[in-house]
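Q: My questions concern the predicted model and sequence given below.
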Amino acid sequence: MSTNKSLLNESARATVARLKANRAQLSQVQSDTKEATQKTTSNSRVTQRVSKNKTPVNAAERKNVANRIIKQLLFGELTQGQALKALRIDVLGLKQDVFAKLVDISRKTLSDIENDRGSYKTDILNKAFKPFGLKVGLLPTSASTLNSLLQGERATD
């Protein structure tokens, strides 16, 4: 009987020793992983793109894309919300939460603006559009009037 008890004690000790060794090894792996993550983060710029599959555009392309979207907004082909979403994704390539922090509005407010829900004050809309050099203003209701105004501007330049 004492041999069985002795074997059980040895078995229990071996199990405890094995568990302690596993815990120490796991702790070391976690520590190494944390260090590697910190080095990677500090050595490279971390961006949160909308999609891993979406390739970032260069500065010249961004300007062309932004101008195309703004033109569609001016001529009523896009709503304010659709334009903001297109600018955020196609020009900056940022997720809603990152962009919302950038412009100092809540993610929910940004989502509501992009989905054309709610009625927001001018200062909130101006915050949202500021990174694109835009602000809320008055436009002619007629696309032809707007077009003639823009054509006239180009002629006088």
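A: Arrived safely, thanks for sending.

Q: ranges for the helices of this protein?
A: 2-43, 59-74, 80-86, 96-103, 107-114, 122-129, 143-156 (DSSP state H).

Q: elements contacting the fifth one?
A: In other words, helix 107-114. helix 80-86, helix 96-103, helix 122-129 (3 or more CB pairs under 8 Å, 6 or more residues apart in numbering; DSSP states H and E). (Glycine included, C-beta is placed from N, CA and C.)

Q: Could you give me the buried positions within it?
A: Neighbour counts using 16 or more other CB atoms under 10 Å place 109-114 of helix 107-114 among the buried residues.

Q: Can you read off the pLDDT for Ala12?
A: Ala12 is assigned a predicted lDDT (pLDDT) of 74.

Q: Could you do Ala100 as well?
A: 95.

Q: how close does it sit to Arg107?
A: Remark: distance between Ala100 and Arg107 (CB to CB, to the nearest Å) = 4 Å.

Q: What of Leu73?
A: For Leu73, the distance to Arg107 (CB to CB) stands at 22 Å.

Q: any idea how far stretch 83-96 is from the chain center?
A: Centre-to-centre, stretch 83-96 and its host chain are 9 Å apart (CA atoms, centre = their mean, to the nearest Å).

Q: what comes into contact with stretch 117-131?
A: Stretch 117-131 is contacted from outside by 80-81, 84, 87, 92, 102-105, 109-110, 112-113, 135-136, using CB atoms under 8 Å, 6 or more residues apart in numbering.

Q: Buried subset of these as a ChimeraX selection?
A: Only the buried entries of the contacts of stretch 117-131 go into this ChimeraX selection, using 16+ other CB under 10 Å:
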select :80,81,84,87,92,103,105,109,110,112,113
